[in-house]
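Q: give me a model of this one.
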Amino acid sequence: MILRQWDRHHPTALTILRPRMARYYGPAADAVLLDPYPIPTQPLTWMSNSIDMTRRALGPTKQIWAIVQAFNWGDEPGHPKNRPGRFPTNAEQRALAYLAITHQANGIFFFQEKHGRKKSGHWKGVKTLVNELNCLQPLLLSAAASWQPQLQSASFDLKGRPWVHFLVKHLGKKRTPSPAVGCPFLKKGHYLIAVNAVSNPTLVVFRGFSEKGTTADIFQGKKKNYSGGKLSEIMEAHGVRIWYLGGG
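A: This is a model prediction of the structure:
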């Protein structure tokens, strides 16, 4: 509050690890950043659970940003040598980012340091993912659709929640690709974003569609037919899908 008294023209932000503390510290900042770093000892859903808990504590208008782990705990000074540490895989980093998106985080950071930048494969994966998110920025900043399907899943966490997380967003107008390499053309309409948070393939069934139709994943460009009002897919470990559903 003192910072706001000193300077009302610049937004303030703070980072917290424990979302239960958000109600104490959140009102003092314009944006709250969350930094749960789960790899390799915690489930990826530590990220999505933290966002949900913070949102409940601070309300729908608070800016909540996710900080995605892009470092190796084993490289950190003071980290116990008997505890495991490694870099997230490219798939894990991507899943963490899309978990934040499906739980409507307002922004995404990547925490990286010198050791990661020296690891060429890892550093390339981070840059590729950031480029992908920049390509999709118009869609990611669009509003959640008023219609959301129902999800059936054969895989649940210990609290009975599906391992696959999803959100339908609505893009109000088409977007031509940016100059960045590999950016897809984004048509006007609805997009179903889904992410598998677990490290094994998972069958998901989305219900609530029209009786039959065709969709396509914007990454693969491969069309998929659905019928009986349902869309089914076996998602690979830490897989991400963005299906274009149409709808204008």
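Q: pull the number of nearby residues for Leu231.
A: Leu231: 23 surrounding residues under other C-beta atoms under 10 Å. Every C-beta, even on glycine, is put in place using the N, C-alpha and C of the backbone.
Q: got phi/psi on it?
A: Dihedral angles phi and psi of Leu231 (degrees, to the nearest 10) take the values phi -120, psi 120.
Q: in the sheet, who's paired with it?
A: Beta-bridge partners for Leu231, by DSSP bridges, are Phe206.
Q: hmm, it is touching Lys224, no?
A: Yes: between Leu231 and Lys224 there is a contact at 7.4 Å, judged by C-beta atoms under 8 Å.
Q: okay, and the common contacts of these two?
A: 215, 243 (C-beta atoms under 8 Å, 6 or more residues apart in numbering).
Q: pLDDT below threshold where in the chain?
A: 1-7, 178-181, 248 (pLDDT under 70).
Q: quick one, domains of the chain?
A: Using automatic domain parsing, the domain parsing of the chain gives 2-135, 150-247.
Q: now those in TSV, with distance to Ala143?
A: Below are the domains of the chain laid out as TSV (distance: least, C-beta to C-beta, whole Å):
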stretch	distance to Ala143
domain 2-135	10
domain 150-247	6
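Q: only the buried residues of the longest helix along the chain, if you could.
A: As assigned by DSSP state H, the longest helix anywhere in the chain is helix 120-135. Neighbour-count burial for helix 120-135 flags 122-123, 125-126, 129, 132-133, 135 (criterion: 16 or more other C-beta atoms under 10 Å).
Q: the helices in this protein, which residues?
A: Using DSSP H, helices in the chain cover 2-6, 22-25, 45-58, 90-102, 114-118, 120-135, 137-140.
Q: need the winner for burial among those.
A: helix 90-102 (a mean of 23; mean count of other C-beta atoms under 10 Å).
Q: isn't Gly228 up against Glu211?
A: Yes: look at Gly228 against Glu211 with C-beta under 8 Å: they come within range, at 6.8 Å.
Q: and the nearest residue to Val164 once chain neighbours are set aside, how far is that from Trp243?
A: Leaving aside its sequence neighbours, Val164 sits nearest to Val204 (C-beta to C-beta, 6 or more residues apart in numbering; 4.7 Å). Distance, Val204 to Trp243, using C-beta to C-beta, to the nearest Å: 11 Å.
Q: please apply the same query to Pro88.
A: Distance of Pro88 to Trp243, given as C-beta to C-beta: 25 Å.
Q: re earlier: alpha carbons of the longest helix of the chain, in PDB - could you do that?
A: Output of helix 120-135 as PDB, limited to C-alpha atoms (Å, rounded to 0.1, in the frame of the first residue of the first chain):
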ATOM      1  CA  SER A 120      21.300 -26.300 -25.800                       C
ATOM      2  CA  GLY A 121      18.400 -28.800 -26.200                       C
ATOM      3  CA  HIS A 122      16.600 -27.400 -23.200                       C
ATOM      4  CA  TRP A 123      17.100 -23.700 -24.200                       C
ATOM      5  CA  LYS A 124      15.900 -24.400 -27.700                       C
ATOM      6  CA  GLY A 125      12.700 -26.000 -26.300                       C
ATOM      7  CA  VAL A 126      12.000 -22.900 -24.200                       C
ATOM      8  CA  LYS A 127      12.400 -20.600 -27.100                       C
ATOM      9  CA  THR A 128      10.200 -22.800 -29.300                       C
ATOM     10  CA  LEU A 129       7.500 -22.800 -26.700                       C
ATOM     11  CA  VAL A 130       7.600 -19.100 -26.200                       C
ATOM     12  CA  ASN A 131       7.400 -18.600 -30.000                       C
ATOM     13  CA  GLU A 132       4.400 -20.900 -30.100                       C
ATOM     14  CA  LEU A 133       2.600 -18.900 -27.300                       C
ATOM     15  CA  ASN A 134       3.400 -15.700 -29.100                       C
ATOM     16  CA  CYS A 135       1.900 -17.100 -32.300                       C
END
